[in-house]
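Peer 1: missing the sequence, but the structure's below:
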């Protein structure tokens, strides 16, 4: 059934014959800008901004002057955006705590029930389907590239918009569309593409926003002439040094909590709304605008409203054992509930520089009561949701889940204002590690550990720095000390085990991995590492396989472990048992070396060329140095007469360095496509690098003949033949 949205101009005062016609359900485009401060857009008063497209949407629509994120981290903020629930009620209090549950009422689910087709295109690991964000979408584009640290995985706004535009063009406008694009570019590290990086070299954050704005313009133009509701929000801001915070996640000051939020399109009267709102208000505001009922039990309200605004940040507690920032905004005042509370009059003190909690004690008491009345639990009282085992393993390995500092829940945590050096040095050391400045990071972390010897995170970060500096013995000694201080921490045990494995101390590594796996039963990769360490012990191949089989019986869906056992079965010629396990192993986020190769080789043997190509390409995607896979893929491409594919494959292999074999393969593909000029360029370069290679000479002879140089062709052929005979004679 078609529903109709009536423009706000259609009022009782309009004559029937002059009233504008009703507008069918508008298309809806939601743009979430990662790490974007409101005060860095032109529409919010920043005179240096180059955000013309975003500013026009804000100017033409309803702009919320004081919009707030409930948490300064991407995953909980986006879950709040889609569900209308504050983090204590959806249960995800930090990145890595859990996923958006499938049973939540969400904006995309509500729109689907109204007949919308839905699609999302996202740009970072933190908004991929691993966190449940795909629920309710017909299409979900999240091809974020694999990186050594998945949390750094992102793709540029241009690729995100490309996927969104492709889906829109394919779908057409006959059915109402809902499109969500998540743009991660303003997140650290700030590396805008050209020409933005050069033009705004002194303002890298602004450069990223200028680039994002131009990409948003492409999306807006796609919907020109179509009734479209544009919703633009920031998920959280960025400290940029305000209040001593370089990034985000620790505090709930406006620098990280005040975000852009505006809605533009059919039925929206241009205006600026001064009353505070939250990301949890987006769901009810949109549904109300569409004339739909708002789900019961959510925290958000249709904006504007007068309800208090809640926000929280637990990074100080998790990483440093300090009191977390819990905030509430009401009646123009912001309370940050700490052992020594902070109160700011936002209208008079937008920079939150003057803490008036002591001079306005009655107001402080009133807001503390309002916060208490909400009844939200602290982080230690809130249980996180179950994670996919592979996701949980990845998080644990990266230190996002298990490195929360232990403390007595009945004891008041220290006020962060009393530990500014700890906070400053921690941030600085993290930035140094990200920049791979391990020597500087080590000096700072050593200083941190002198003052705070019982903190886990500085210890594990210094272990990383020492290991990267090649000071393995010192790293092992520090890991042993950290384990003695924190004997129940599985992550410390896992890090220690990794160092021992790197040093070839396989017996100790295997034992420690088993200990870590017992402490972190969801971290299935630790079992695998223990098994792989055990396999390195002399004459213990059978014992390692038995251990792996035992683990696999208790965890049959473990893709990586399946691949490990499958490879061992293959070596023992148990092919029928190996192949199903290898197939499961290929579904892992990072399949083991040779898993996809053997699947491709079997498919090639069975003449299933399409399957062979798929598996071999997957092998090279995850293990680009696997020359065996590249050679077999070349054979498949030759069988299919896919010369262009052969050229592309050879070009990729040659990126690793010069090779006579792969230069010839590349030139042969060009020869077969009659691209003789291109073939000549490749051959000339290759012949300079490899002057005595007979296969290259033979191809050169054939190319010379195609070029009409018969005498030179014959001479090159004879030269190749003589060199071949000479090499055979050796």
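Peer 2: In hand now; what should we look at? All of these numbers come straight from a predicted model, not from anything done at the bench.

Peer 1: residue ranges with poor pLDDT in the stretch 551-700 of the chain?
Peer 2: Across the stretch 551-700 of the chain, nothing is flagged by pLDDT under 70.

Peer 1: those helices in it, which residues are they?
Peer 2: Per DSSP state H, counting those that start in this stretch, the stretch 551-700 of the chain carries helices over the ranges 559-571, 575-585, 595-605, 609-622, 627-639, 643-654, 660-672, 676-689, 694-706.

Peer 1: Output those helices as CSV; include the columns distance to residue 531.
Peer 2: For glycine as for every other residue, the C-beta is placed from the backbone atoms N, C-alpha and C. Converted to CSV, the helices of the stretch 551-700 of the chain look like this (distance: least, CB to CB, whole Å):
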stretch, distance to residue 531
helix 559-571, 7
helix 575-585, 14
helix 595-605, 15
helix 609-622, 20
helix 627-639, 24
helix 643-654, 32
helix 660-672, 35
helix 676-689, 43
helix 694-706, 43
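
Peer 1: got a list of what the residue nearest to residue 493 when sequence neighbours are not counted touches?
Peer 2: Excluding its sequence neighbours, the residue lying closest to residue 493 (CB to CB, 6 or more residues apart in numbering) is residue 516, at 4.0 Å. By CB atoms under 8 Å, 6 or more residues apart in numbering, residue 516 lies in contact with 490, 491, 493, 494, 497, 523, 526.

Peer 1: circling back to that earlier point, can I get the helices of the stretch 551-700 of the chain in TSV including distance to residue 27 and mean neighbour count?
Peer 2: Below are those laid out as TSV (distance: least, CB to CB, whole Å; neighbours: other CB atoms under 10 Å):
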stretch	distance to residue 27	mean neighbour count
helix 559-571	39	22
helix 575-585	41	18
helix 595-605	40	22
helix 609-622	35	20
helix 627-639	42	19
helix 643-654	37	19
helix 660-672	44	22
helix 676-689	45	17
helix 694-706	55	20
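
Peer 1: what about residue 312, helix or strand, and which?
Peer 2: Applying DSSP states H and E as the criterion places residue 312 in strand 309-313.

Peer 1: Are there helices or strands packed against that strand, and which ones?
Peer 2: strand 277-278, strand 325-330 (3 or more CB pairs under 8 Å, 6 or more residues apart in numbering; DSSP states H and E).

Peer 1: out of the helices of the stretch 551-700 of the chain, nearest to residue 46?
Peer 2: helix 609-622 (41.5 Å; CB to CB).

Peer 1: Now name the helix or strand holding residue 334.
Peer 2: Residue 334 is located in strand 333-336, with elements delineated by DSSP H and E.

Peer 1: Quick one: residues in contact with the next helix or strand after that strand.
Peer 2: Of the helices and strands lying after strand 333-336 in sequence (DSSP H and E), the nearest is strand 342-345. By CB under 8 Å, 6+ apart, the list of residues contacting strand 342-345 from outside reads 332-336, 352, 354-357, 360, 363-364, 367.

Peer 1: Tell me the buried residues within those residues.
Peer 2: Buried by 16 or more other CB atoms under 10 Å: 333, 334, 335, 336, 352, 355, 356, 357, 363, 364, 367, out of the contacts of strand 342-345.

Peer 1: Would you format those as JSON lines with distance to residue 162 included?
Peer 2: Shown next, in JSON lines, are those (distance: CB to CB, whole Å):
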{"residue": "333", "distance to residue 162": "45"}
{"residue": "334", "distance to residue 162": "40"}
{"residue": "335", "distance to residue 162": "44"}
{"residue": "336", "distance to residue 162": "41"}
{"residue": "352", "distance to residue 162": "40"}
{"residue": "355", "distance to residue 162": "47"}
{"residue": "356", "distance to residue 162": "50"}
{"residue": "357", "distance to residue 162": "50"}
{"residue": "363", "distance to residue 162": "51"}
{"residue": "364", "distance to residue 162": "51"}
{"residue": "367", "distance to residue 162": "46"}
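
Peer 1: Now do the contacts for residue 334.
Peer 2: For residue 334, the contact set (CB under 8 Å, 6+ apart) comprises 254, 327, 328, 343, 344, 346, 352.

Peer 1: ok, it to residue 344 distance?
Peer 2: Distance, residue 334 to residue 344, by CB to CB, to the nearest Å: 5 Å.

Peer 1: Show me this structure divided up by domain.
Peer 2: Domains of the chain are assigned by automatic domain parsing as 28-295, 556-640, 651-729.

Peer 1: Out of those, which one sits most buried?
Peer 2: Mean neighbours per residue, mean count of other CB atoms under 10 Å, is largest over the domains of the chain for domain 28-295, with a mean of 21.

Peer 1: For that one, measure first residue to last.
Peer 2: Terminal residues of domain 28-295 lie 19 Å apart, using CA to CA, to the nearest Å.

Peer 1: how far does that domain sit from the chain's center?
Peer 2: 14 Å (CA atoms, centre = their mean, to the nearest Å).

Peer 1: What mean pLDDT does stretch 123-130 get?
Peer 2: Taken as a whole, stretch 123-130 has a mean pLDDT of 90.

Peer 1: What of stretch 248-268?
Peer 2: pLDDT averaged over stretch 248-268 gives 96.

Peer 1: gap between the two ends of it?
Peer 2: 32 Å.

Peer 1: ditto for stretch 486-494
Peer 2: End-to-end distance of stretch 486-494: 12 Å, with CA to CA as the criterion.

Peer 1: Of all the residues in it, which ones are buried?
Peer 2: 486, 489, 490, 491, 492, 493, 494.

Peer 1: Tell me, how many residues neighbour the nearest residue to the second one once chain neighbours are set aside?
Peer 2: To tie it back to what came earlier, the one meant is residue 489. Distances taken as CB to CB, 6+ apart place residue 456 nearest to residue 489, at 6.3 Å, with adjacent residues excluded. A count of neighbours around residue 456, defined by other CB atoms under 10 Å, yields 22.

Peer 1: So what's the predicted local confidence for residue 456?
Peer 2: pLDDT recorded at residue 456 is 90.

Peer 1: Backbone torsions only: list them for it.
Peer 2: Backbone geometry at residue 456, expressed as degrees, to the nearest 10, gives phi -80, psi -50.

Peer 1: Quick check: it vs residue 481, distance?
Peer 2: Between residue 456 and residue 481 the computed distance is 12 Å (CB to CB).

Peer 1: now do residue 422
Peer 2: From residue 422 over to residue 481 the distance is 19 Å, taken as CB to CB.

Peer 1: Name only those of the contacts of residue 334 that count as buried.
Peer 2: 254, 327, 328, 343, 344, 346, 352.

Peer 1: Closest one to residue 504 out of these, please.
Peer 2: The shortest approach to residue 504 among the buried ones among the contacts of residue 334 belongs to residue 327, at 50.4 Å (CB to CB).

Peer 1: shouldn't that closest one be in contact with residue 257?
Peer 2: Yes. In terms of CB atoms under 8 Å, residue 327 counts as a neighbour of residue 257; the distance is 7.3 Å.

Peer 1: what sits in contact with each of the two?
Peer 2: Counting by CB under 8 Å, 6+ apart, the shared contacts of residue 327 and residue 257 are residue 311.

Peer 1: Can you pull the poorly scored residue ranges out of the chain?
Peer 2: Applying pLDDT under 70 to the chain flags residues 1-24, 146-153, 380-410, 522, 524, 729-730.

Peer 1: Geometrically speaking, which residue is the centre of it?
Peer 2: Note on the chain: the residue nearest the mean C-alpha position is residue 125, at 1.7 Å, using CA atoms, centre = their mean.

Peer 1: If residue 181 is in a bridge, with which residues?
Peer 2: When bridges are called by DSSP bridges, residue 181 pairs up with residue 31, residue 121.

Peer 1: heads up, I number from 13, so please use that
Peer 2: That works, and once the first residue is 13, the last one we named lands at residue 193.
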